[in-house]
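> Structure for the following, please:
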Amino acid sequence: MSAEFQTHRGERLPVQRVALISSVSLVHPWEWREDFEEGWLEREVEGTSSPTPSESLWVRLWSDQKNFYSPESLTLLGSGFVVGGAMANTSMDEGIQRHFQSSVRGATSDEWFESLHASKELGNGMVTLPVFASAWGLGEVFPNNAMAAWGGRWGERSLRGFAVGAAPLVALQQITGGSRPTESVENSEWHPFHDNNGVSGHSFMGSLPFITAAKLTDNPAYKTLFYAGSAIEPLSRVNDNAHYPSQVALGWWVAYLAASAIDATDNPNARWKFSPLITREGSGVQAEIRF
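Sure, this is the predicted structure:
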């Protein structure tokens with residue numbers, strides 16, 4: 001079924017979806033009675049991506065911050081840190097760490113170890129931030145190229161995710177005060193302001209671009225692939241004995257909430273949602289799909 005939209009200038013344009021922000025005549029539903037500013041229709045019809053002055057980068061950045069610090073997001077952040085704290089301040093962290101180290105380092109081949117170690121640079125901001133910026137720039141230069149446009153959205157949203165998540169990440173690193181596996185006899189236990197490794201920065205930086213990509217697609221296969229990719233850098237840090245499992249999990253969680261805040265700005269009706277799951281039998285992450 002197709003429909004046409006008649007503008008106040010008499011132009012008739014095909015319509016996929018129109019955001020209704022004013023009253024429409026029920027007698028003539030495709031005839032808009034009110035004048036709108038130049039370019040309104042192009043912004044509201046699905047399929048266009050160029051932001052308007054009222055949807056400037058600064059407005060979106062402010063909306064990102066509001067979404068990250070919303071009650072729901074802070075509740076999820078706190079829930080994640082409850083799980084992380086339970087892991088860090090019990091024997092769970094050390095048990096998982098020892099099992100992973102013995103499994104990887106004790107394998108018949110060192111290919112697993114070398115492959116995971118090579119992934120460390122995914123979490124190096126000196127490498128990834130220029131990549132995000134370059135992808136964003138290409139999208140701006142070639143807006144009519146589908147691949148460049150998608151890459152541009154990915155690059156912009158990844159940078160915005162960094163802008164949202166970097167400050168709370170640094171604050172939480174200090175507040176938890178955890179140490180690396182080789183730094184302290186107190187292992188992964190939290191001692192506020194004693195150290196700054198309670199949350200893995202590499203895990204945050206390395207998982208953010210994959211989670212951002214996952215949120216840019218509704219294809220279940222691609223989404224699963226990207227989320228799986230977001231675990232590469234956290235596994236690399238555990239593999240290198242640079243962080244405990246709780247520390248890399250918390251870095252991933254901050255990245256996920258930062259990417260979710262950006263997604264809530266650009267796509268408030270997202271179908272996928274992840275949240276911590278705590279039961280009597282254990283803890284983990286649950287996925288929700290809205291139909």
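> For the chain, which segments are assigned as helices?
With helices called from DSSP state H, the chain shows them at 40-44, 57-68, 71-88, 92-105, 111-118, 125-141, 146-176, 201-215, 220-229, 232-239, 245-266.
> Could you export those as CSV, including distance to residue 190?
C-beta coordinates here come from the backbone N, C-alpha and C atoms, glycine included. Below are the helices of the chain laid out as CSV (distance: least, C-beta to C-beta, whole Å):
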stretch, distance to residue 190
helix 40-44, 47
helix 57-68, 23
helix 71-88, 6
helix 92-105, 11
helix 111-118, 26
helix 125-141, 25
helix 146-176, 5
helix 201-215, 17
helix 220-229, 27
helix 232-239, 18
helix 245-266, 9
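> so which of those gets nearest residue 192?
Across those, residue 192 has its closest neighbour in helix 146-176 (5.6 Å, C-beta to C-beta).
> Output the contacting helices and strands for that closest one.
helix 57-68, helix 71-88, helix 125-141, helix 201-215, helix 245-266 (3 or more C-beta pairs under 8 Å, 6 or more residues apart in numbering; DSSP states H and E).
> tell me the contacts of the closest residue to residue 96 other than its chain neighbours?
Excluding its sequence neighbours, the residue lying closest to residue 96 (C-beta to C-beta, 6 or more residues apart in numbering) is residue 245, at 4.5 Å. Residue 245 sits next to 87, 93, 96, 97, 100, 238 when contact means C-beta atoms under 8 Å, 6 or more residues apart in numbering.
> Make a ChimeraX selection of the buried ones in these.
Buried residues among those (16 or more other C-beta atoms under 10 Å), as a ChimeraX selection:
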select :87,93,96,97,238
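> With pLDDT and distance to residue 59 as added columns, please give the contacts of residue 245 in JSON lines.
Listed next are the contacts of residue 245 as JSON lines, based on pLDDT from 0 to 100; distance: C-beta to C-beta, whole Å:
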{"residue": "87", "pLDDT": "92", "distance to residue 59": "38"}
{"residue": "93", "pLDDT": "88", "distance to residue 59": "41"}
{"residue": "96", "pLDDT": "85", "distance to residue 59": "43"}
{"residue": "97", "pLDDT": "83", "distance to residue 59": "44"}
{"residue": "100", "pLDDT": "75", "distance to residue 59": "44"}
{"residue": "238", "pLDDT": "86", "distance to residue 59": "39"}
